[in-house]
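Chemist: just to be clear, the model below is a prediction. Sequence and coordinates:
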Amino acid sequence: GQVSFCSSYRVPNLYPSQAGQCGTDGDLGIQGCIWAIMAVVGEAERGRIGVDIGGTKMLVNLYVGGGSGSKLARSLRVGTGPDFTTENAEAAIARFFELYADVMPSKERLVCGVSVPGLVEDGQLVLIPDIKGLEGWVPKESPSLSRRCATVTTANDIEAAAAALPERWRGDGMTAVVLVVGTGIGCFYVDRGRPVLGAKGWTGEFGLSPIPEEGGGLTTWDRVLSGRAIVNRVNEKLGLALSAEDLADSTQPPVVAARQTEVLRAARYLGMAIATHVNMLNPDVVFMGGGAFRWPDYAQTAVTTARELAIANTMELCTLEVAHDPAHLPALGASFLCRRE
């Protein structure tokens, strides 16, 4: 199987040079969350707001320019977590507009895309397991956004990530697995260009599937390979209470050693998950993203493990591809879903 990455995502020896295809480095997911909205609204010269809410962070960005020439003009980042609420999200957005009022385009020239980690129905956040305080929020009715943006689009992060499949993997004959690993895990499947939705559209809950636990008993995939799993296991091992950001920034030798051990452990489980999907679905591509891919050696170890465990002939036909700026893959895909609202 091939491995395809973009050059700005720093995993040595994995990425062909694709900088020209990726556009501007940094926060490409947020930029992508806007580009297709421009196709709907009409003018690529308009300003675009990208709001990306995840299990550990929220980004609010202003971009100007169109397509690969899109430029990040202003940005605000705030922490999230299980206690984050609608009020916190609204306050962050309002603060963003307050800080950068002098450079903000008029409402007629401003659009917005929002990506969230949970169930979205008719633009409303219905079920957000990791951030319960966001449930019930309707971003397109947000005073901070509706007063300032001509269009506001909201999408589930996994559904959005699936819509972010590069054009080369979106043809009628293509079969794809979209795998997003952040605080949790989500999957989306495309068979010969058509999404596999199941009876009620609830496919892709791979993270909740049971697997044997080391030492006996059962656990689930999201408890062994996700970003949250890495943080939890380091904290349990060392008796700490580090956040994901604290863990990533720590230079303390015991933390660094434990972090690397748990990243490699989680990555091997991801490799098993990739191999499982390759063996079951014989896809043309396994397209991956999510915040967990920021950890050093996570992608490389997962790919190596997948190649060892998958059926050789099937893997030979499959490309393993990590999105440019993988942490913002859902925001990129949200742009392609804007036509639904």
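Modeler: Yep, it's here.

Chemist: show me the helices in the stretch 51-200 of the chain, by range?
Modeler: With DSSP state H, counting those that start in this stretch as the criterion, the stretch 51-200 of the chain has helices at 86-99, 143-146, 157-163.

Chemist: most packed of those helices?
Modeler: helix 157-163 (a mean of 27; mean count of other CB atoms under 10 Å). For every residue, glycine as well, the C-beta is placed using N, CA and C.

Chemist: ok, residue 297 to residue 63 distance?
Modeler: To residue 63, residue 297 is 32 Å away according to CB to CB, to the nearest Å.

Chemist: and residue 296, how many neighbours does it have?
Modeler: 15 (other CB atoms under 10 Å).

Chemist: ramachandran angles for it?
Modeler: Per-residue torsions, residue 296: phi -60, psi 140 (degrees, to the nearest 10).

Chemist: of residue 297 and residue 63, who's got more company?
Modeler: Looking at residue 297 and residue 63 with other CB under 10 Å, you find the greater number of neighbours at residue 63, namely 23 against 14.

Chemist: that one touches residue 103, doesn't it?
Modeler: No: using CB atoms under 8 Å, residue 63 is not in contact with residue 103; the gap is 11.6 Å.

Chemist: where do the contact lists of the two overlap?
Modeler: By CB atoms under 8 Å, 6 or more residues apart in numbering, residue 63 and residue 103 have these common neighbours: residue 73.

Chemist: in the chain, which helix or strand is least confident?
Modeler: When the helices and strands of the chain are compared on mean pLDDT, DSSP states H and E, helix 19-22 comes out lowest with a mean of 28.

Chemist: that older thread, out of the helices of the stretch 51-200 of the chain, which gets the lowest mean score?
Modeler: Lowest mean pLDDT within those: helix 157-163, at a mean of 79.

Chemist: restricting to C-alpha, output it in CSV.
Modeler: Extracted C-alpha coordinates of helix 157-163, given in CSV (Å, rounded to 0.1, in the frame of the first residue of the first chain):
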residue,chain,number,x,y,z
ASP,A,157,-17.1,16.3,12.5
ILE,A,158,-17.0,12.8,11.2
GLU,A,159,-19.6,13.5,8.5
ALA,A,160,-17.7,16.6,7.7
ALA,A,161,-14.4,14.7,7.5
ALA,A,162,-15.9,12.3,5.0
ALA,A,163,-16.9,15.2,2.8
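
Chemist: any idea how far that helix is from the chain center?
Modeler: 8 Å (CA atoms, centre = their mean, to the nearest Å).

Chemist: kindly report the same for stretch 121-135.
Modeler: 17 Å.

Chemist: and for stretch 238-257?
Modeler: The answer for stretch 238-257 is 23 Å, by CA atoms, centre = their mean.

Chemist: with stretch 269-278 instead?
Modeler: Going by CA atoms, centre = their mean, where stretch 269-278 is centred and where its chain is centred differ by 18 Å.
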